[in-house]
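Chemist: Sequence first, predicted model second:
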Amino acid sequence: DTGVSQDPRHKITKRGQNVTFRCDPISEHNRLYWYRQTLGQGPEFLTYFQNEAQLEKSRLLSDRFSAERPKGSFSTLEIQRTEQGDSAMYLCASSRYSGLAGTYNEQFFGPGTRLTVL
Amino acid sequence: SQQGEEDPQALSIQEGENATMNCSYKTSINNLQWYRQNSGRGLVHLILIRSNEREKHSGRLRVTLDTSKKSSSLLITASRAADTASYFCATADTGTASKLTFGTGTRLQVTL
């Protein structure tokens, strides 16, 4: 078990450019989450997948953001036409959900991708 | 949006002392989790307490949950310099207990 990995760890881009981040979850985990964290705040939920299905999206996820998990394994988060307000740490997490009553959802986080938009 | 607030926002103690952090939340929950985050890094899961539990222990950590007051506390006993970090509570809503909603965090500084 190598934990959740994210790539890249840091990304600096100019306003208006597109960026894509990758997340590799823990191998047996069927749920994958994306969160965004700005300085001095707690993480805020963006979206999550169960296998390849995207089950929920936050209102924070504007139409410039898109996330995919094509084969139910790794996921990508793309931001188009980046704005300075997109500068943040983007965190990925994964968990195992059995669907059984009483299942409790412990999420394991990756190291994050820090995005700076100039 | 953040679920609630943590209190205090910052806490400075000496090594060996106990640290207590409080968390309040707003909605009905499935469970509440505590995470630690070292500066600029990812979150490390510390402990999960279910909505039908009132207290839980893990090593030097003790968590309590009062669903009637919608509050939780995290106690770290015999603190160490390595405990210096930000601590966040996060709640999982009822139903499928999917997304986590985080508090604003408590920044703990443990000095020698």
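Modeler: Arrived safely.
Chemist: now check stretch B:92-110, is it near chain A?
Modeler: Yes. Stretch B:92-110 lies within reach of chain A by CB under 8 Å from any CB of the partner chain, at B:92, B:96-105. Quick note: C-beta positions are derived from backbone N, CA and C, even for glycine.
Chemist: Enumerate every residue touching residue B:31.
Modeler: Neighbouring residues of residue B:31 by CB atoms under 8 Å, 6 or more residues apart in numbering or on different chains: A:104-105, B:48-51, B:91-92, B:97.
Chemist: Quick check: of those residues, which has the highest neighbour count?
Modeler: residue B:91 (26 neighbours; other CB atoms under 10 Å in any protein chain shown).
Chemist: Now do stretch A:73-89: distance from first to last residue.
Modeler: 22 Å (CA to CA, to the nearest Å).
Chemist: how about it: buried residues?
Modeler: For stretch A:73-89, the neighbour count (16 or more other CB atoms under 10 Å in any protein chain shown) marks A:74-75, A:77, A:79, A:82, A:86-89 as buried.
Chemist: Equivalent analysis for stretch A:37-48, please.
Modeler: Residues of stretch A:37-48 classed as buried: A:37, A:41-48 (neighbour count, 16+ other CB under 10 Å).
Chemist: How about stretch B:36-55 and chain A, any contact?
Modeler: Yes. Stretch B:36-55 reaches chain A (CB under 8 Å from any CB) through B:40-45, B:48, B:50.
Chemist: May I see those organised as JSON lines, with secondary structure added?
Modeler: Below are the residues of stretch B:36-55 next to chain A laid out as JSON lines (DSSP: H, G, I helix; E, B strand; the rest coil):
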{"residue": "B:40", "secondary structure": "coil"}
{"residue": "B:41", "secondary structure": "coil"}
{"residue": "B:42", "secondary structure": "coil"}
{"residue": "B:43", "secondary structure": "strand"}
{"residue": "B:44", "secondary structure": "strand"}
{"residue": "B:45", "secondary structure": "strand"}
{"residue": "B:48", "secondary structure": "strand"}
{"residue": "B:50", "secondary structure": "strand"}
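Chemist: Can you list the low-confidence ranges for chain A?
Modeler: A:1, A:101-103 (pLDDT under 70).
Chemist: gap between the residue lying closest to residue A:2 once chain neighbours are set aside and chain B?
Modeler: Of all residues not flanking residue A:2 in the chain, residue A:26 sits nearest, at 7.9 Å (CB to CB, 6 or more residues apart in numbering or on different chains). Going from residue A:26 to chain B by CB to the nearest CB, to the nearest Å gives 12 Å.
Chemist: separation between residue A:26 and residue A:74?
Modeler: From residue A:26 over to residue A:74 the distance is 12 Å, taken as CB to CB, to the nearest Å.
Chemist: can you check residue A:113 too?
Modeler: In terms of CB to CB, residue A:113 sits 14 Å off from residue A:74.
Chemist: Likewise for residue A:116?
Modeler: 24 Å.
Chemist: what about the spatially most central residue of chain A, distance to residue B:51?
Modeler: Residue closest to the mean C-alpha point of chain A, counted by CA atoms, centre = their mean, is residue A:34 at 2.5 Å. Separation of residue A:34 from residue B:51 (CB to CB) stands at 25 Å.
Chemist: Equivalent analysis for residue B:59, please.
Modeler: Applying CB to CB to residue B:59 and residue B:51 gives a distance of 23 Å.
Chemist: Could you do residue A:79 as well?
Modeler: Distance of residue A:79 to residue B:51, computed by CB to CB: 35 Å.
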